[in-house]
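Enquirer: got a structure for you, letters missing:
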């Protein structure tokens, strides 16, 4: 075994050789790895999904044909709970923020310290949008000045005598359902929709020990991509692509041991992928020492490099990485985190709630994603990415920073402040944009995707739900 610690630059250009195979007997499970940590496996990790979707072929048409945009508006965006913003985006009473999805526009307003309302973003006079981005003060139409209260009532209009038949009750703003969970504000335009809790499924239980409402947005990135919103998010719904796309992460992330779970609880809208951190991928187990993986991990996470006597076996490498992460969080928050297991600090659990909400659990990657269409163009989309960190020791939530916007054709890596995150984003977006072009070019007979039976089952489950909601057959 080569004990020399290779540089990060070596791994940037590394590829797994063609013809490489895995001895399945050497592939550990996530539970195998966590059991060796010696501090027990949390119930969260032990719970296994009770839905196993069958592998299938999925037509490419929904990724680029216009008719599917309209079907999605009718059956998804106007019918389902979806994240409009986080409550920290509108921290003061009277703050409001717009949320646009394809043809429709809404805005959310903080009406009291812990109360929110959402409305169609339409003035009842001539239809002008009322809210553009983040605003405060009177809800006043910029066209003619019609003014509304935070509760949606028509407060004032110029020359009211011009409207003798005006009915103030009729001319209120049109409210849509609004609810919160984990510091996220959800809306649902369907007045007949069931409560948000039905869609959240196991999220409320699983995140009870990791409350996202006690975290803040440390940075926010908006990425415009030349691919469908479904194409875009699929890069983040499986770990199978790591062996090729993110091979530079294989010395420190055990993607082969990724656990995938789909849950029937509630509406069956929730699934997750769980990948062990500071674990060398089985493909490289004979080529990378635990110490080498640990050094790369510490450099990637900006942690102190290990001394000579630490990280020389897989268990201690994970413990060192977890201990240093814990120390950082304790310094940040002024709290004692010593009761949390190793897995809390370095393993990664990315949850998904249909159609587009991706909250991460744990400190391994404390991220948050949302994917939406770009207007009504089926070949473009928007990724909203946030890093959510624990609220600092002084108890004051820092304000949400201005978003970095990576426009179409730009590279996230060009923003130095994003560090390794920008590099990972560019790797994924490049793939998905190329997938979009390939799917659109595929001739009849091969114009479908094939998903794996385990690693890609989150994508397969997505299309089981998608087809049912849109009334499609799997061949459509």
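Expert: Now that the structure is in, tell me what you want to look at. Remember, predicted model here, so these are calculated numbers, not experimental data. Numbering: from 1, shown residues only.
Enquirer: so residue 370 sits in a strand?
Expert: Yes - Residue 370 forms part of a strand when assessed by DSSP: H, G, I helix; E, B strand; the rest coil.
Enquirer: with adjacent residues omitted, what lies nearest to it?
Expert: residue 384 (4.4 Å; CB to CB, 6 or more residues apart in numbering). C-beta here means a position set from N, CA and C on the backbone, and glycine is covered the same way.
Enquirer: what residues sit buried inside the helix or strand containing the one you found?
Expert: Assigned by DSSP states H and E, residue 384 belongs to strand 377-390. Judged by neighbour count (16 or more other CB atoms under 10 Å), strand 377-390 contains these buried residues: 378-390.
Enquirer: likewise stretch 102-122?
Expert: By 16+ other CB under 10 Å, the buried positions in stretch 102-122 come out as 102, 105-111, 116-122.
Enquirer: of those, closest to residue 416?
Expert: Distance to residue 416 across the buried residues of stretch 102-122 (CB to CB) is lowest for residue 108, with 32.8 Å.
Enquirer: tell me the contacts of the closest one?
Expert: Residue 108 makes contact with 84, 85, 90, 96, 97, 99, 116, 117, 118, 178, 185, 187, according to CB atoms under 8 Å, 6 or more residues apart in numbering.
Enquirer: what about 10 Å?
Expert: 84-85, 87, 89-90, 95-99, 116-119, 121, 131, 176, 178, 180, 185-187 (CB atoms under 10 Å, 6 or more residues apart in numbering).
Enquirer: sitting in strands, which of those residues do you find?
Expert: Members of the contacts of residue 108 lying in strands (criterion: DSSP state E): 84-85, 96-99, 116-119, 176, 178, 180, 185-187.
Enquirer: which two from those residues end up farthest apart in space?
Expert: 98 and 180 (17.8 Å).
Enquirer: and residue 223, what are its bridge partners?
Expert: Counting by DSSP bridges, residue 223 forms beta bridges with residue 383, residue 406.
Enquirer: contact partners for it?
Expert: 232, 371, 381-385, 403-408, 410, 412, 422, 425-426, 428-429.
Enquirer: can you do 7 Å?
Expert: Residue 223 is in contact with 383, 385, 406, 412, 425, 429, counting by CB atoms under 7 Å, 6 or more residues apart in numbering.
Enquirer: I'd like to know how far it sits from residue 380.
Expert: Between residue 223 and residue 380 the computed distance is 11 Å (CB to CB, to the nearest Å).
Enquirer: just residue 52 next, same as before
Expert: As defined by CB to CB, residue 52 lies at a distance of 33 Å from residue 380.
Enquirer: do residue 245 as well
Expert: Distance check for residue 245 against residue 380: by CB to CB, it reads 21 Å.
Enquirer: assign residue 34 to helix, strand or coil.
Expert: Recorded secondary structure, residue 34: helix (three-state DSSP).
Enquirer: next, count neighbours for it.
Expert: Residue 34: 25 surrounding residues under other CB atoms under 10 Å.
Enquirer: surely it is in contact with residue 343?
Expert: Yes - proximity of residue 34 to residue 343 meets the contact threshold set by CB atoms under 7 Å, at 5.0 Å.
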